[in-house]
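Trainee: after the sequence you'll find the predicted model.
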Amino acid sequence: MSNMTTTEIPIELWREEQEALEFQRQIGRNVRHWRMQQMLTADEFARRSGKPVATISAIEAGEAMPSVEFLFRAGRVLNVSCLVFTAPREHRSAA
């Protein structure tokens with residue numbers, strides 16, 4: 001039986017959660033990067049992608065994980081592969 005209390009999280013789960021949060025922030029940075037490359041305002045990008053500007057802002061700030069459907073739609077709007085949104089910063093290219 002474990003001595004762990006209900007508020008303690010095993011280190012492995014904590015690391016996975018931190019990696020997931022960093023991945024979410026990375027996607028947000030990449031969405032913003034490619035939106036700005038196309039010289040679109042957040043308002044215009046929101047209109048073209050069919051999402052509220054608050055949702056776009058939350059995604060770009062790394063506060064929300066976008067759906068796969070959104071990434072495909074964003075790729076079409078920005079004329080890039082949806083895969084660029086998951087690429088590390090040093091590998092940004094239109095793929």
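Mentor: Thanks, I have the structure now.
Trainee: for the residue nearest to the spatial centre of the chain, helix, strand, or coil?
Mentor: The residue lying closest to the centre of the chain (Cα atoms, centre = their mean) is residue 27, at 2.9 Å. Going by DSSP: H, G, I helix; E, B strand; the rest coil, the secondary structure assigned to residue 27 is helix.
Trainee: and the residue lying closest to it once chain neighbours are set aside, what does it touch?
Mentor: Closest residue to residue 27 apart from its sequence neighbours, by Cβ to Cβ, 6 or more residues apart in numbering: residue 85 at 5.1 Å. C-beta here means a position set from N, CA and C on the backbone, and glycine is covered the same way. Contacts here follow Cβ atoms under 8 Å, 6 or more residues apart in numbering; on that basis residue 85 touches 27, 30-31, 34, 66, 71, 74-75.
Trainee: quick one: residue 85 from residue 66, how far?
Mentor: Distance of residue 85 to residue 66, computed by Cβ to Cβ, to the nearest Å: 8 Å.
Trainee: need the overlap of contacts for the two.
Mentor: 27, 31, 74.
Trainee: and those residues as JSON lines, adding pLDDT and distance to residue 50?
Mentor: Listed next are the shared contacts of residue 85 and residue 66 as JSON lines, based on pLDDT from 0 to 100; distance: Cβ to Cβ, whole Å:
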{"residue": "27", "pLDDT": "97", "distance to residue 50": "18"}
{"residue": "31", "pLDDT": "98", "distance to residue 50": "14"}
{"residue": "74", "pLDDT": "98", "distance to residue 50": "10"}
